[in-house]
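1. please work out how this folds:
(one chain, ligands or ions: 2)
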Amino acid sequence: MMGPGIDLPLVDAAGVPIADGSMTLIDEVRGPKRDGCSVARVRLDRTLLALKHHRLFRWKQRIPATLGRSRLANERRMLLRARSAGLPVAELIAVGQRRRWGLVVEQVLLVRWMEHHVTMTQRIRDAAEQGRRAALRKAGPALAELLAQMRRASIADRDFGPHNLLVDEKTADFAAPVWIDLEAAYEAGPDDRGDTLLTLAGTLASWWYCCREDQAELQAVFDAVCRALPEPPGGWRALLEPLNKIVLHRSRKQLRVGSIQTVPEPVRLTSNG
Ligand SMILES: Nc1ncnc2c1ncn2[C@@H]1O[C@H](COP(=O)(O)OP(=O)(O)OP(=O)(O)O)[C@@H](O)[C@H]1O
Ligand SMILES: [Mg+2]
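-> Ligands and ions are numbered 1, 2, ... in the order given. Got it, this is the predicted structure:
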């Protein structure tokens, strides 16, 4: 992680250099992983921001980043696109990078800090543990509506789900979730079935963990998605088999690392769905 005074040339969302771009570290949200990525809360001027910091260790990352292709460059582009489509995403404040020998070796992305917000995952797991089914049943439609909005705006995401949405820490109805992590988002038209499939499979696998492995809750969120999204070309029925396969594959991965104890049964089409 960078030191308490962070100096790196920053530009704002329009690409204009920020004259005094020195940030102060408040605290680390997530320390650097082995891949050199971390998230922290910082202050720039008087504003609280979430700082995503990526160190690029490999040539395989540095060369594409220098040519404009990196996870954070993608996230910047998708944040702007999503925002202009009216999606509730964190507000992009600035990006910055450092070069060595002409190659990009470090990148940052800053978005406005969402005060008094927690991940939807956390809220859902609490509600599931306390048996608050009525609250849980509101989370599914909120997430499904956001997913539908995203697909209508020609965006898909390999990492969509409640773990990348923030909700007000006090909200009881999961209203107004904010999508904060668009690193794995990409452009894909609403009729691209494969991209709907990938986005939805990740969401369901993440939901299984969230709802504490409750089949009825998993089915309920799938029903909510079927109601919110336009029927994909070929229909939902044709999507079921590959969808359940990917959800199972992802769940087995989670099972191996011990974050869940069981894998879900296949979801099915109901009369509501
Ligand atoms: N704008 C924000 N406001 C408040 N908290 C935030 C904000 N952005 C990120 N966070 C916090 O940082 C965590 C990680 O953020 P994010 O998902 O964007 O990064 P990541 O690199 O994908 O991390 P992970 O791999 O853990 O998902 C979030 O779960 C949330 O707790
Ligand atoms: Mg994330």
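2. tell me how far the helix or strand containing Tyr186 lies from the chain's centre.
-> Taking DSSP states H and E as the criterion, Tyr186 maps to strand 185-187. Taking the mean of its C-alpha atoms, strand 185-187 sits 11 Å from the chain's own mean (CA atoms, centre = their mean, to the nearest Å).
3. against which helices or strands is that strand packed?
-> helix 71-84, strand 155-157 (3 or more CB pairs under 8 Å, 6 or more residues apart in numbering; DSSP states H and E). No exception for glycine: its C-beta is placed from N, CA and C like everyone else's.
4. Glu231: how many residues sit nearby?
-> 10 (other CB atoms under 10 Å).
5. mind checking how far it is from Pro190?
-> For Glu231, the distance to Pro190 equals 11 Å [CB to CB, to the nearest Å].
6. can you check Val11 too?
-> Between Val11 and Pro190 the computed distance is 32 Å (CB to CB).
7. between these two, who's got more neighbours?
-> Pro190 (19 against 14).
8. ligand 1 contacts on the stretch 1-150 of the chain?
-> 29-30, 37, 39, 50, 52, 90, 111, 113-114, 117, 119 (CB under 6 Å from any ligand atom).
9. now do 5 Å
-> Applying CB under 5 Å from any ligand atom, we find that the stretch 1-150 of the chain lies next to ligand 1 at 29, 39, 50, 90, 111, 113-114, 119.
10. list the contacts of the residue lying closest to Phe57 once chain neighbours are set aside.
-> Counting by CB to CB, 6 or more residues apart in numbering, Gly36 is the residue found nearest to Phe57 once chain neighbours are left out, at 5.6 Å. Contacts for Gly36 (CB atoms under 8 Å, 6 or more residues apart in numbering) come out as 54-57.
11. which one of those is nearest ligand 1?
-> Set against ligand 1, the nearest of those by CB to the nearest ligand atom is His54 (8.5 Å).
12. please name the bridge partners of the closest one.
-> Legend: beta-bridge partners of His54 under DSSP bridges are Cys37, Gln107.
13. same thing with His117?
-> With DSSP bridges as the rule, His117 is bridged to Asp168.
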